[in-house]
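> sharing a sequence plus its predicted fold:
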Amino acid sequence: MTLWWTAVAFISGSLMFSYWLGLAARKNLKEIGDGNPGALNLWQSSGYRLGAAGVALDFLKGYLPIALLMGSAAVQGFRIVPIAAAPILGHAFSPFLKGRGGKAIAVTFGVWSGLTEFEFALVYAIILAVLLIIAKTVRKGRPTSSEADSFQVVSGMLLAFPYLYIRDFPAPVMWCWLGNFLLLVYTHRRELSTFFRRIRNEPGAR
Ligand SMILES: O=P(O)(O)OC[C@H](O)CO
């Protein structure tokens, strides 16, 4: 059953709603902004209505399978780990995009909302908001780069980990976090590499 539910969750995550909504609006998100087939590029290219729909659908494809399975015998103990990782993997390596997907931020929020009844997703959102305020303050209100945004997404997930520990979440949830963190590092690898290279070459740059 674990394999079955993992496959179902993977297929759910692999549905590239923002990308398809973009195509419906005659926009190829892979050619817009940073090329990520996600809701932000949909929002910026096609307006807030489609953008909000993209956020909601990309969130729900992570949230629904996990929320529906939580508490059932199928996901007791460590069985939750592959099932929770599956929607994020599905988005990052979508068969609908020939194995290439998106950064997996919206689906990450969906999965954690399902896993922890919104609790950890809210903590992560607050940490990201604080990091964004700090970045805006440092840059005196000027927009941040996509590389700096990626650094915030990944470091925010790292900073959120102590909350899981303090709240005494069970070990399988910790493993879900580790898998998600490593996946976010992977999906943001190019931006992180550019971000750290810039920091090395121009210490004043962020
Ligand atoms: O991480 P994604 O692919 O869900 O996209 C979300 C935002 O567009 C990231 O910039």
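Arrived safely, thanks for sending.
> ok, Val81 - contacts?
Contact partners of Val81, counting by CB atoms under 8 Å, 6 or more residues apart in numbering, are 172, 175-176, 179. For glycine as for every other residue, the C-beta is placed from the backbone atoms N, C-alpha and C.
> how about a cut-off of 6 Å?
For Val81, the contacting residues are 172, 175-176, by CB atoms under 6 Å, 6 or more residues apart in numbering.
> and Trp177, by the same measure?
For Trp177, the contact set (CB under 6 Å, 6+ apart) comprises 161, 164.
> quick check: mean pLDDT across the helix or strand harbouring it?
Here Trp177 sits within helix 171-187, counting by DSSP states H and E. Averaging the model's pLDDT scores along helix 171-187 yields 97.
> C-terminal to that helix, what's the next element?
The C-terminal neighbour of helix 171-187 among helices and strands, as given by DSSP H and E, is helix 189-201.
> who in the protein is up against the ligand?
36, 38-41, 58, 102-107 (CB under 6 Å from any ligand atom).
> now, which of those residues sits nearest Gly51?
The closest of the residues of the chain next to the ligand to Gly51 turns out to be Ala39 (CB to CB; 5.7 Å).
> for that closest one, which non-adjacent residue is spatially closest?
Leaving out its chain neighbours, the residue that sits closest to Ala39 by CB to CB, 6 or more residues apart in numbering is Gly54, at 3.7 Å.
> just the pLDDT for the one you found.
pLDDT recorded at Gly54 is 98.
> just checking, what packs against the helix or strand containing it?
Here Gly54, judged by DSSP H and E, is contained in helix 48-69. Here helix 48-69 touches helix 2-14, helix 17-24, helix 39-46, helix 80-92, helix 105-115, going by 3 or more CB pairs under 6 Å, 6 or more residues apart in numbering; DSSP states H and E.
> next, the angle helix 39-46 makes with it.
Comparing the axes of helix 48-69 and helix 39-46 via axes from the mean of the first three to the mean of the last three CA atoms, to 10 degrees yields an angle of 160 degrees.
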